[in-house]
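> here is the input, now give the coordinates:
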Amino acid sequence: MNYLVGVFKPPCNIFVSFADGRRREQVPLKKENGKTVMVALFQSQENIVGEVVIEPIHGMKVEHNGVKIELLGQIELYFDRGNFYDFTSLVRELDVPGELYERKTYPFEFSTVEMPYESYNGVNVRLRYILKVTISRNFVSNIVEYQDFVVRNYTPPPSINNSIKMEVGIEDCLHIEFEYSKSKYHLKDVIIGKIYFLLVRIKLKNMELEIRRRESTGSGPNTYVETETLAKFELMDGAPVRDTFYGVMLCPSPGSWGHGPY
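Residues are numbered from 1 along each chain as shown. Purely as a prediction, here's the structure:
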């Protein structure tokens, strides 16, 4: 039985590392098995430089038809697992056909890589970036190793960031006006707004405010939409007081949210 286990075990170990791995920022990434690992963080147009180390298991020889490394940007829909849309695909040949008897190191470099989309792990879809090392072999399956990394693209604040005003209601019964200080926010921003009751001729029990994240995948009849409530709290209990407005301030930390009449 132990002999059979040895037959199917890869004859070598593959290690992928980045040249600036110790200095580069690390961020958490949730794997398919549910575990979270720390991986390197990059931006678009950066150089991705590192090395691949192939280490044959003691006493074993690795015959191969070549070694290559690929940088892939992939989109995978969870209802169609196993089928990937590659929007970025770069290849570097590391070695010609031959044999490996001992540890060998291969440097690699992908210069000014265009990575237009940010990494994303959603309910129905995943967008990821990986380094894929392949040792091609005859008669037996190839040896493949993956190294994930995360991409986030930062942009400067917009020069023009107009406020948002909306009016909703029921004709001759209810007229409400919403106002937000700006239309674009960063992930750790504070959302400040006002809600005006201009006309109230119906009974109101309370008012709640929610922040929702909406994910849409597919197209046409195959569109899947998932909505998740990120934050929810009661803004008003009972009927609104005449000639007042309700201000709202949303902060990243739930404990720092504020709301109420002004």
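> nearest residue to Tyr106 in space, please, no chain neighbours.
Nearest-residue entry for Tyr106: Leu94, 4.1 Å, with adjacent residues in sequence omitted and distances by Cβ to Cβ, 6 or more residues apart in numbering. Placement of C-beta: from N, CA and C, glycine included.
> and that neighbour, helix, strand or coil?
With DSSP: H, G, I helix; E, B strand; the rest coil as the basis, the three-state label of Leu94 is strand.
> for it, give me its contacts.
Contacts for Leu94 (Cβ atoms under 8 Å, 6 or more residues apart in numbering) come out as Val52, Val67, Lys68, Ile69, Tyr106, Phe108, Val133.
> now with 10 Å?
Leu94 makes contacts with 51-52, 54, 66-69, 104-108, 133-135, as judged by Cβ atoms under 10 Å, 6 or more residues apart in numbering.
> likewise for Asn121?
Asn121 makes contact with Leu29, Lys30, Lys31, Glu32, Leu127, Arg128, Val150 under the criterion Cβ under 10 Å, 6+ apart.
> what sits opposite it in the beta ladder?
When bridges are assigned using DSSP bridges, the partners listed for Asn121 are Arg126.
> separation between it and Gly34?
Distance of Asn121 to Gly34, computed by Cβ to Cβ, to the nearest Å: 12 Å.
> same question for Val150.
Val150 sits at a distance of 18 Å from Gly34 (criterion: Cβ to Cβ).
> neighbour count: the two, which is higher?
The neighbour count for Val150 versus Gly34, taken as other Cβ atoms under 10 Å, is higher for Val150 (20 against 6).
> can you classify that one by secondary structure?
Here Val150 is recorded as strand under three-state DSSP.
> hmm, Pro56 and Arg103 touching each other?
Yes: taking Cβ atoms under 10 Å as the contact criterion, Arg103 and Pro56 are neighbours in contact, 7.4 Å apart.
> who has more neighbours out of these two?
Neighbours were counted for Arg103 and for Pro56 using other Cβ under 10 Å; Pro56 has more, 18 against 12.
> residue contacts, the more buried one?
Listed by Cβ under 10 Å, 6+ apart, the contact set of Pro56 reads Pro10, Pro11, Cys12, Asn13, Val62, Glu99, Leu100, Tyr101, Glu102, Arg103, Lys104.
> again, only this time at 8 Å
If a contact means Cβ under 8 Å, 6+ apart, then Pro56 has Pro11, Cys12, Val62, Leu100, Tyr101, Glu102, Arg103 as its contacts.
> hmm, which of those are the buried ones?
With burial judged by 16 or more other Cβ atoms under 10 Å, the buried subset of these is Pro11, Cys12, Val62, Leu100.
> as CSV, the residues you listed with secondary structure and distance to Asn83 would be great.
Rendered in CSV, the data for the buried ones among the contacts of Pro56 read as follows (DSSP: H, G, I helix; E, B strand; the rest coil; distance: Cβ to Cβ, whole Å):
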residue, secondary structure, distance to Asn83
Pro11, coil, 30
Cys12, strand, 29
Val62, strand, 30
Leu100, strand, 33
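> make CSV out of these and add pLDDT and distance to Tyr154.
Written out in CSV, the entries for the buried ones among the contacts of Pro56 read as follows (pLDDT from 0 to 100; distance: Cβ to Cβ, whole Å):
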residue, pLDDT, distance to Tyr154
Pro11, 91, 43
Cys12, 93, 39
Val62, 93, 42
Leu100, 94, 41
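> now the residues you listed as CSV including distance to Thr229?
Supplementary listing: these in CSV, determined by distance: Cβ to Cβ, whole Å:
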residue, distance to Thr229
Pro11, 51
Cys12, 48
Val62, 52
Leu100, 54
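> and the contacts of stretch 208-215?
Among residues not part of stretch 208-215, those counted as contacts by Cβ under 8 Å, 6+ apart are 122-125, 191, 225-235, 248, 250, 259.
> run the last query once more with 6 Å
Contacts of stretch 208-215 from elsewhere in the structure, counted by Cβ atoms under 6 Å, 6 or more residues apart in numbering, are Gly122, Val123, Glu226, Thr227, Glu228, Thr229, Leu230, Ala231, Lys232, Glu234, Leu235.
> perfect, that will be all.
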